[in-house]
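Asker: Dropping the sequence and predicted coords here.
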Amino acid sequence: MAPDLSTVFTGIRFRNPFLLSSAPPTESESNILRAFEAGWGGVVTKTIGLHPVVNVVGPKTKFLRADADSPHLSMKKRPGSALHSSWNWELISDKTLDWWVPRLGRIKQAFPDHVLVASIMAGSGNDTELRHWQHLAEACQEQGCDALEINLSCPHMDRPDMGSNVGKDKELVSIVTKVVKEVAKVPVWAKLTPSTTDIVIEARGAFLGGADAISSSNTFTSLPLIDADTLDFEVQVDGLVSTGGLGGPAILPLSLAKMSQLTQAFPDKDFSGIGGITTFEQALNYFLLGCGTAQICTAAMLDHAIGPNVIRALNDGLTRFLEKNAAKGWTRVDDFVGLRRDRVVAQSKIRRPTEKDYRGGYDAEGYAAPEEATAKR
Ligand SMILES: Cc1cc2nc3c(=O)[nH]c(=O)nc-3n(C[C@H](O)[C@H](O)[C@H](O)COP(=O)(O)O)c2cc1C
């Protein structure tokens, strides 16, 4: 009998734990329908706002590549190079809520058993702006969306009360989450920015506001590289660039570190892991650290726009993993979620070559005694 890939996350049943994250793969009805046909367990729509946005002239996303035989990194496509990361400065959906509403309803009608999550974003500077969050939430859930993901993490919004600027402010995170929860009839996931000192602080704000789960990471604030010949940024318009977001393989270890902090601080809460996933083995890291679902963007963008081969490989990988570990009694994802969460410890807890204790620099051990250090000056 084939293993059961299904899982329940924030009370919602998924046929498998893999979702397309909010990004170009989920920006249209046709893409989302294709994604469900291809086998994705869920889809988070491209972030929906009330008003249309206008994107920059030229490419909104480019891919940084590394050479195998030199330290060269560049966005220039060349033979033998491997993907390092994606870089984007794309804003939220350039379609309005009115455009999205009938499409969300049609998608849900066509695929009632697949999970459709609406990603939403508004300003948060005053009561009117906060009501926009509620308006977006109500409109999407009325169309049958199974959950809402509140985007508190887009790294290139100018307004101080939008995107990652909200995600950097624990009070605003809490307020926005609470406002959405007031009207939400479906679970609310808060997508946080990794670009803060201690993501646990903002996550606490989200949980205090009533979030049902945290999604992490969005892209990391970053710049494209400067070309040494032209002295121009590899992505620019009229010589100018703004900070944008780094995704793809380069952020996998960075995002895992954020996730480890989160799942250790809130072991009983739900987390959706995002960042740098292409293969099942990479997604497994997130499951073992305590995530119940995993989301994918960059890898899917590079695979026929919605990742048909990526999702096939993820499902095959999970199937093989469950078969291989059947003797341990593992029959579903839940059986191994969080199994390595507590293996991440303070550095002083790692064994030393001698029996001697190291107390993390809290005593003089490992350093010269104060009088010795003074004498040497
Ligand atoms: C071109 C592009 C557009 C994106 N747009 C959104 C968005 O509208 N809303 C959002 O929450 N995340 C957005 N993201 C972030 C992704 O959903 C995801 O969090 C990030 O890319 C990390 O995953 P990855 O390493 O699999 O790419 C975008 C990413 C890219 C590359």
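Answerer: Nice, thanks for sending it over.

Asker: Check which helix or strand residue 65 maps to.
Answerer: Using DSSP states H and E, residue 65 sits in strand 61-67.

Asker: What of residue 87?
Answerer: strand 81-88.

Asker: Flag every buried residue along that strand.
Answerer: Judged by neighbour count using 16 or more other C-beta atoms under 10 Å, the buried positions of strand 81-88 are 81, 83, 84, 85, 86, 87, 88. (Glycine included, C-beta is placed from N, CA and C.)

Asker: Can you dump the C-alpha atoms of it in CSV for me?
Answerer: Extracted in CSV, the C-alpha atoms of strand 81-88 (Å, rounded to 0.1, in the frame of the first residue of the first chain):
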residue,chain,number,x,y,z
SER,A,81,26.9,27.3,-13.8
ALA,A,82,24.6,26.3,-10.9
LEU,A,83,21.8,28.3,-9.3
HIS,A,84,23.0,30.3,-6.3
SER,A,85,19.8,32.4,-5.6
SER,A,86,16.9,34.4,-7.0
TRP,A,87,16.8,38.1,-6.6
ASN,A,88,13.5,40.1,-7.0
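
Asker: helices or strands next to that strand in the packing?
Answerer: When contacts are defined as 3 or more C-beta pairs under 8 Å, 6 or more residues apart in numbering; DSSP states H and E, strand 81-88 sits against strand 61-67, strand 244-247, helix 298-301.

Asker: Residue of the stretch 101-250 of the chain nearest the ligand, please.
Answerer: Residue of the stretch 101-250 of the chain nearest the ligand, by C-beta to the nearest ligand atom: residue 247 (3.0 Å).

Asker: Could you tell me how many residues sit around that residue?
Answerer: Around residue 247 there are 30 other residues, counting by other C-beta atoms under 10 Å.

Asker: Now for it: which residues touch it?
Answerer: 85, 86, 87, 88, 219, 220, 275, 276, 297, 298 (C-beta atoms under 8 Å, 6 or more residues apart in numbering).

Asker: circling back to that earlier point, next one: the strand holding residue 65, is it in contact with the ligand?
Answerer: Yes - Strand 61-67 lies within reach of the ligand by C-beta under 6 Å from any ligand atom, at residue 61.

Asker: Number the residues from 25 up from this point.
Answerer: Got it, the first residue is 25 from now on, which makes the last one we talked about strand 85-91.

Asker: and the first helix or strand past that strand going along the chain, what does it pack onto?
Answerer: Next helix or strand after strand 85-91 toward the C-terminus (DSSP H and E): strand 97-98. Judged by 3+ C-beta pairs under 8 Å, 6+ apart, strand 97-98 is in contact with strand 85-91.
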